[in-house]
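**Q** my questions concern the predicted model and sequence given below.
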Amino acid sequence: MMAPIAGPEGSGAASGAMPGVAKTALGQAPLVPLLGLLALCLIWGLSIPLTKIGLLYFSPMMLAACRYMVAAPFFALLLIGHEFPSRRALLAMAILGIVGIDVGQVTQTLGVARTEASVATVISATIPIFVVLLASWRLRQRLRAAHLIGLGVAMAGIVVVATHGAAHPGSSSWFDVSLPALIGDSLMLLSAASTALYYALSAELALDYPVTVVAAWSSLFGAVLLAPAIPWEAGRSAVAPGVIGIGVVLYLGVLVTVAGLWIWLQSLRLLPVRIVASTQYLQPLIGVSASAALFGEPIGPSFGIGTLLVFIGIAMTAMPQPEN
C-alpha cells in the first residue's frame, strides 16, 4: 500500500501539506515520528507479499472482506467525538468506499492472486501518478511535458517489469506473458487508478471534514458492502485459515489498514513533507525484496531496470506545477 502525498493542487493536499506540519530540517525532525515512518514503510511494503500468502488460505473476495471487517471496529472508534456528517457528505463517503475499497482493494487482491507479488508491488507504486493525472483533470489544469513524459517512462517500466516477472519459464520470447499474469497486471493497474481516484476525491471532502472521518466512514461503507462475501464464499467451499491465515488477516486489517493510516497522518503532521514523501520509494523495494525471499521470484537486471524506470516516472509526474 503506497499512499500518495499529493492531492488536488490548490488544496491542503496539493503540496502534501497538512495543518500543523513541521517544517524542520531532517536533523531536527523528532526521532519517534521518524522511527514510526520507517516502521510504516515496512508494514506497507510487506502488504502485497503477505496478501499473496493470505490467498493460500482465503479466496480473494473473502480475504478482502475479512480484512475490512477486522478493521471496521477500529474505524468506528476513530469516529468517537466527531460530528455526524451531512447526508450529502455521507453519500460521497459511501461512493468513496465503493471506489477505494470495493473496487480498489478487491481488484488489488484479485490481481495479486494472478501475478507475481514483486510485479504487483511495482505496479501499485504508480498510484501517485494517477493521483496527479486525476487532480489535473478535476481542476482542469494542463499537465506539463515533464508530467506526460514521466507517465510514459513509468508505463514503459511497468511493461519491462511485467514481461520479465511473468514470462513463462524457459520461454524463448522475453515478451511471452501468460494470460493469467496479464489479467493480474491489468487488475493491479485498475486498482492503482481506483485507489488514486479515492485519494483525489477524499482530498476534496477533507476540506470540510477531518481526514480520519473521511477515511473511517468510507472504509465502513466499503466493509458493509464486502461483508456478504464472507458467508457466500464460506458456503461455496470449506475455509481453514489456520494460524498463518488469521495472522495475515489481522496484519492487513489492523496494521496495514488502521495503524498504517494513523501513523501516516501523524507523520504528515509532525515531519516535513519532503521526508515523508521520500520514504514512499522504500515500500516497493521492501515488497520486491520480500517477494524474492518468500516466493523465490526472479529479480534480474531487467526487473531492476523496469523498477528504476517506474521510480523515475513517479518522480517526474510528481513535479509541482510552476507558480503563476
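**A** Yep, it's here.

**Q** contacts for stretch 91-101 next, please.
**A** 68, 85, 194-195, 197-199, 201-202, 205, 214, 217-226 (CB atoms under 8 Å, 6 or more residues apart in numbering). (Glycine included, C-beta is placed from N, CA and C.)

**Q** can you do 6 Å?
**A** Applying CB atoms under 6 Å, 6 or more residues apart in numbering, the contact partners of stretch 91-101 are Ser194, Thr195, Leu197, Tyr198, Leu201, Ser202, Leu205, Trp217, Ser218, Phe221, Gly222.

**Q** what about the fifth one, neighbour count?
**A** Neighbourhood size, Leu201 [other CB atoms under 10 Å]: 22.

**Q** also the last one?
**A** Summarising burial for Gly222: neighbours were counted as other CB under 10 Å, giving 30.

**Q** the nearest residue to it once chain neighbours are set aside: neighbour count?
**A** Closest residue in space to Gly222, ignoring its immediate chain neighbours: Ile101 at 2.6 Å, by CB to CB, 6 or more residues apart in numbering. Around Ile101 there are 27 other residues, counting by other CB under 10 Å.

**Q** three-state assignment of Ile101?
**A** Secondary structure for Ile101, judged by DSSP: H, G, I helix; E, B strand; the rest coil, is helix.

**Q** redo the contacts of stretch 91-101 as TSV? Include secondary structure.
**A** Formatted as TSV, the contacts of stretch 91-101 follow (three-state DSSP):
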residue	secondary structure
Ser194	helix
Thr195	helix
Leu197	helix
Tyr198	helix
Leu201	helix
Ser202	helix
Leu205	helix
Trp217	helix
Ser218	helix
Phe221	helix
Gly222	helix
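
**Q** where does pLDDT dip in the chain?
**A** Within the chain, the stretches with pLDDT under 70 are 1-29, 138-141, 164-177, 273-274, 277-278, 318-324.

**Q** for Ile53, give me its contacts.
**A** Val248.
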